[in-house]
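[1] got a structure for you, letters missing:
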DNA sequence: ATAATGCTGTGAACTGATTCACAGCGTGAA
DNA sequence: TTCACGCTGTGAATCAGTTCACAGCATTAT
């Protein structure tokens, strides 16, 4: 099979290419060159060709890539054979933003349950997603075959929530809490640390301004 | 000076170390070894030492790093001489989560203005931040000396908003819209693409499960 | 006073990702 | 039919980031 683990940067870019391709398809475009896709994605053409190579798809030297087929090829790599279910933990502003954003978006990947420790937030349906109390987590995750968890709880609760999700069978986490999680090696964790990101942007924004100001 | 541009991964980790150090300080810890900090941050000890080296600080072979001093040294690199002001564009769920999270958090970096195109959301104060209509953006950004912009608007509006912010003088952007921004080279852009991230987590979560299931 | 310990700082090696550069090909023009 | 073009696919070179491995040192124990 060609599904030997891809580098994670590549996986991220493939996800982006697929969205760009879907946009092109909507606009009726049937073929696209690597340099066009590259421009849209903000990367180099060589990068696009390498990434496409990783999916096993080949374009034509004269036409470029067929939009429809390339998208399908990326899908074969990114999407599993079955739908993957996602659990969201923490239904504050951030959690609700996630629910609003992903409600019925992708068929292959959907948030099927939400959890919160606040009794006032549970036992209702938000954007089509049922919100359970924390005590139900392990049962629901198992019953729904959930493999991915999104952590949108306060920092202090993050580690505990991660542990509970992993115990229940989750093997991938998207962590919005600004703290590193201690997890076993078979679990993939992606940190979305807004604090760090904002500080980084501030740092480089300052570098840019200084360059303009200074010598 | 030692402030030649640092690699951006390094900047991100320094931000994290600083938060960990502040935690240690609160717990009354005065010294810390690279391997301890490494464990807390989820990186190697050699990595920590390299990163610390980049700040110009030196620890003692026997005591390790002085918590207080290392934090100060990181601050000298990450924080500019003056406070940096941030503008938030888009006051939906995500935008409000940002406001709630950053309200009066760091003294050196604070959201001082928010903008939205929805008349129902503007001309009020959320978490201490005044929310203006989009028409005011260029004026307010200039008047407040804002250098960093956070884009939390729908995908379709993102490019336009980015352009407006840059025109007004912003040199760093934190982009939550799942689309690449086309920006001039002096502007630093950090993408926080939740769609991509979630697909990536799903991909690797699946790989992990398959390993357990398969041969 | 001397030796043993276990740390830091750092040159060098390594690793993974990106880019270069070009052979090979399918198409359209002559 | 033949040629010229400009693309793709990919081996090789490059580059950035990380890790290794060890010299040097401040401290503690003897």
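    Received the coordinates, thanks. The model shown is predicted, which means the values in this text are computed figures rather than measured ones.
[2] can we go C-alpha only for contacts and neighbour counts from here?
    OK.
[3] list the buried ones in the helix or strand of chain A with the lowest mean pLDDT?
    When the helices and strands of chain A are scored by mean pLDDT, DSSP states H and E, helix A:194-213 comes last with a mean of 87. For helix A:194-213, burial by neighbour count (16 or more other CA atoms under 10 Å in any protein chain shown) applies to A:194-209.
[4] what's the lengthiest strand in chain A in contact with?
    Criterion DSSP state E: the longest strand present in chain A is strand A:109-116. Residues outside strand A:109-116 that contact it (CA atoms under 8 Å, 6 or more residues apart in numbering or on different chains) are A:83-91, A:99, A:102-104, A:122, A:129-134, A:137, A:140, A:144, B:199, B:202.
[5] give me the angle between it and helix B:194-213.
    Here strand A:109-116 runs at 90 degrees with respect to helix B:194-213, directions being taken by axes from the mean of the first three to the mean of the last three CA atoms, to 10 degrees.
[6] strand A:109-116: partners in the sheet, and parallel or antiparallel?
    For strand A:109-116, the paired strands and their directions (DSSP bridges) are strand A:84-89 (parallel), strand A:129-133 (parallel).
[7] buried residues in the helix or strand following the longest one, which are they?
    Spelled out, it's strand A:84-89. Under the assignment DSSP states H and E, the closest C-terminal helix or strand after strand A:84-89 is helix A:93-102. By neighbour count with 16+ other CA under 10 Å, helix A:93-102 contains the buried residues A:93, A:94, A:95, A:96, A:97, A:98, A:99, A:100, A:101, A:102.
[8] what do you get for stretch A:137-149?
    Those buried within stretch A:137-149 under the rule 16+ other CA under 10 Å are A:137, A:138, A:140, A:141, A:145, A:146, A:147, A:148, A:149.
[9] same thing with stretch A:63-80?
    For stretch A:63-80, the buried set under the neighbour-count rule, 16+ other CA under 10 Å, comprises A:64-75, A:77-79.
[10] got it, and stretch A:166-186?
    Residues of stretch A:166-186 classed as buried by neighbour count (16+ other CA under 10 Å): A:166, A:168-181, A:183, A:186.
[11] still on that earlier bit, need the buried residues of helix A:93-102 in TSV with distance to residue A:155, can you?
    Supplementary listing: those in TSV, determined by distance: CA to CA, whole Å:
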residue	distance to residue A:155
A:93	15
A:94	13
A:95	14
A:96	17
A:97	18
A:98	18
A:99	20
A:100	22
A:101	22
A:102	23
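[12] ok, the residue in chain A that DNA strand C sits nearest to to DNA strand D distance?
    Of all residues in chain A, residue A:7 sits closest to DNA strand C, with a separation of 3.9 Å (CA to the nearest atom of the strand). Counting by CA to the nearest atom of the strand, to the nearest Å, the gap from residue A:7 to DNA strand D is 14 Å.
[13] chain A: strands as residue ranges?
    Counting by DSSP E, the segments of chain A that form strands are A:31-32, A:65-66, A:84-89, A:109-116, A:124-126, A:129-133, A:146-151, A:172-175, A:188-191.
[14] need these in TSV with mean pLDDT and distance to residue A:41, can you?
    Compiled in TSV, those are given as follows (pLDDT from 0 to 100; distance: least, CA to CA, whole Å):
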stretch	mean pLDDT	distance to residue A:41
strand A:31-32	98	13
strand A:65-66	98	15
strand A:84-89	97	26
strand A:109-116	97	22
strand A:124-126	96	33
strand A:129-133	97	32
strand A:146-151	98	26
strand A:172-175	98	23
strand A:188-191	98	21
